[in-house]
Structures are given as C-alpha cells and as structure tokens.
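Enquirer: Got a predicted structure here, sequence first:
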Amino acid sequence: MTPATTRFAPAPTGRLHLGHLANAIYVWGLARRFGGRVFLRIEDHDRQRCRPEYESALLDDLDRLAIGADEPSTDDLRRGSSPFRQSDNGPVYEAALERLANATDVYACDCSRSTFAAWREDHGRAWSGPGCPGACRSRGLDRRPDLGLRAAFGGDETWDDLLVGAQSGPVATDGDVLLRDRNGNWTYALCVVVDDLRHEIDLVVRGEDLLDSTAAQIRLGALLGRPAPPRFAHHPLVHRPDGSKLSKADGATGVGELLDAGRMISSLIGEAAHAIGLQASPDPIAFERAIELAAATSAV
Ligand SMILES: [Zn+2]
C-alpha cells in the first residue's frame, strides 16, 4: 500500500461545524487507511469572505477536539506567516498563473454574475460548457485587476474515485475555469491545485459537492506539470433535516458553540459519523473509532 499525503483544508469564512467534523473523520480515516500524513491548510484565498477571527476560532476548535495534523501545528499557524495559509503565498499563485499562460490560453474576462444571469434570462437555461457569455476568449482584453482571468480549455477528464467509483466529467462546467476573480482574489480552483501540487498531496478527501469541480482540477494540475493527478475520495455530506446541505450559516451546528453548551466531543463525533452513514445511530464514539469506520469504506 502506497503511503499518502492528504490535507484538512477549512476556509475561515465561519466557525467549524459538523460538516467539517465529518470531513475530518474521512480525511484522517483515509490517511490511516493508506498509512499517510495529514497537512492542515488554511484556505483563505477569498479576502472578502475570510476573517482572521474565524481562523483563530477554527484553530481553537481543532485544539479543543484534539484533532491535530502532522504538519503544521495550530501554534505554527498562530505564530504568523505560513506556507500552509493561502493569503501568505500570493507569489506562488502568481507564478502558477504564468506557467498556465504558457500552457494554455489565459484571458481576461469582464463577465459578472449579472452577465451570466442575463444570458440565462435570454436563453432559458444557465450558461454551461467552455467559454463565457461575453465571448471574452476572442476579445483580447487587457489583464486588469478589476477583470477576471480564465483558462481556456475543453473536453473531459476521468478518474477512479476511492469512494464513489469511476467518474467522468467536463473540465468546463459553467464556463472556462476562473483563476482570479473580479475582486482580485485567486480562486479556489487555482489555489487548491497549486497547493496540492507544491505540498505533494496525493490523496484529496472532500465532500461530494465538489465532484463537479474535479475534472477542471485534474486538467489544471496537468497543465501545471503534475505527472499524475492525486487520488480522489468524495464522501457524503452532512445535511439538515430538510435535506439541504449544511453550511456555515447554521450556527446551531457550530462545534465551538455545542462544546460551550456542554456537549461531549464524543457526542459530536458520533452525530457527525451518523449523519454521513458511518454508524446506524448518533451514539457517542471516539474520533479514533470514527476514523476506523471511515477507513473501512474505501474501495481500495
Ligand atoms: Zn467573459
């Protein structure tokens, strides 16, 4: 069995919630399954939505849960600049952008949400596939900080997902992949691929809501010189009772708040493990036991 390097990569746009806990169970579980390591990464590429106080709370919550990565420690991150925090590594993404521009057409795009909405209004369906509604690929717009940057590419990618089996999908789902947005933020699509490459991540464990973005990330990695994509494992999500996806807006499921209210750690882990089908009831269990259950779900 090949050892793996994977990562737990929350975005500090809110407090740690049960969905993160479910992800952590799978990340540490599959790392255990493959005898591997876990890195902690702060995905704060979106400077409008991320806040330092959320990062602090997130690190505190991980410490309270006694969930620790092999690298870096929460104290390493508290001490200041880190290769594991995206906002500290702008030049890395800048360099990746230039590498991409040598490998494919990277172009400026002035389409906004309202451009996409207007196209949907006119055509009765959302924009899908490569390009963008404004046909910016062929307009030769100058790169400016207030314009987005997209990479032109098409076709499909395939992969064998460790949890959901053989997958295939288009690299451009709702337009050419955006690398930098109109607010000057590097996008999740670019940062995640660059970080996984530079930290030699070869096992990506995340929720099923990201299945559709996987093909684009495989292609971006290849264009950046990655010899082979990482292995992917997409796990079930924690849902609200009405079936919708749990989000950071659901304060009632915040790990810190629940611990403050007197809930036991094992009770939260049991609830998260139950919500994603790892155990039949929400009975309290230790994190160690939960990750054994997650490890046993891998197809390989
Ligand atoms: Zn455009």
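Expert: Yep, that arrived. Everything quoted here is computed from the prediction, not taken from an experiment. Numbering: from 1, shown residues only.

Enquirer: Past the host helix or strand of Ala166, which element shows up next along the chain?
Expert: Using DSSP states H and E, Ala166 maps to strand 165-170. Next helix or strand after strand 165-170 toward the C-terminus (DSSP H and E): strand 177-180.

Enquirer: list the buried ones in the strand holding Ala166?
Expert: 169-170 (16 or more other Cβ atoms under 10 Å). Where you see a C-beta, it was placed from the backbone N, CA and C, and this is true even at glycine.

Enquirer: Run me through the strand neighbours of it, direction for each.
Expert: Partners of strand 165-170 in the sheet, by DSSP bridges, are strand 156-161 (antiparallel).

Enquirer: Now do the SS call for Ala96.
Expert: helix (DSSP: H, G, I helix; E, B strand; the rest coil).

Enquirer: any idea how far the residue lying closest to it once chain neighbours are set aside lies from the ion?
Expert: Spatial nearest neighbour of Ala96, excluding adjacent residues (Cβ to Cβ, 6 or more residues apart in numbering): Val194 at 4.6 Å. Taking Cβ to the ion, to the nearest Å as the measure, Val194 and the ion are separated by 23 Å.

Enquirer: you'd agree Arg231 is up against Leu203?
Expert: Yes: when contacts are counted by Cβ atoms under 8 Å, Arg231 is listed as touching Leu203 (5.0 Å).

Enquirer: tell me, what's touching these two both at once?
Expert: Ala4 (Cβ atoms under 8 Å, 6 or more residues apart in numbering).

Enquirer: neighbour count winner among the two?
Expert: Leu203 (24 against 21; other Cβ atoms under 10 Å).

Enquirer: what about the strands in the stretch 1-150 of the chain?
Expert: 5-8, 37-40, 106-109, 148-151 (DSSP state E, counting those that start in this stretch).

Enquirer: starting at the chain centroid, how far to the third one?
Expert: I take that to be strand 106-109. 23 Å (Cα atoms, centre = their mean, to the nearest Å).

Enquirer: Surely Gly277 is within a strand?
Expert: No: according to three-state DSSP, Gly277 belongs to no strand; its state is coil.

Enquirer: re the thing from before, can you pull the contacts of the residue nearest to Ala96?
Expert: With Cβ under 8 Å, 6+ apart, Val194 has these contacts: 92-93, 96, 224.

Enquirer: how about 10 Å then?
Expert: Residues near Val194 by Cβ atoms under 10 Å, 6 or more residues apart in numbering: 45, 86, 89, 92-93, 95-97, 99-100, 179, 186, 220-221, 224.

Enquirer: just Leu58 next, same as before
Expert: Neighbours of Leu58 in contact, by Cβ under 10 Å, 6+ apart: 10-16, 20, 40, 42, 74, 77, 255-256.

Enquirer: Kindly report the same for Leu65.
Expert: By Cβ under 10 Å, 6+ apart, the contact set of Leu65 is 16, 20-21, 24, 255-256, 259, 265, 268-269, 287.

Enquirer: Pull the number of nearby residues for Arg79.
Expert: For Arg79, using other Cβ under 10 Å, the count is 10.

Enquirer: Just to check, Ile25 is in contact with Ala272?
Expert: Yes: assessed by Cβ atoms under 10 Å, Ile25 is found in contact with Ala272 at 6.3 Å.

Enquirer: Pull up the overlap in contacts between those two.
Expert: Shared contacts of Ile25 and Ala272 (Cβ under 10 Å, 6+ apart): 278, 285, 287, 290.

Enquirer: Excluding covalently adjacent residues, which one is nearest to the second one?
Expert: Distances taken as Cβ to Cβ, 6+ apart place Gly270 nearest to Ile285, at 4.7 Å, with adjacent residues excluded.

Enquirer: Does that neighbour touch Ala286 like I think?
Expert: Yes: look at Gly270 against Ala286 with Cβ under 10 Å: they come within range, at 9.1 Å.

Enquirer: So the two - more neighbours on which side?
Expert: Neighbours per residue (other Cβ under 10 Å) separate Gly270 from Ala286, with Gly270 holding more: 21 against 12.
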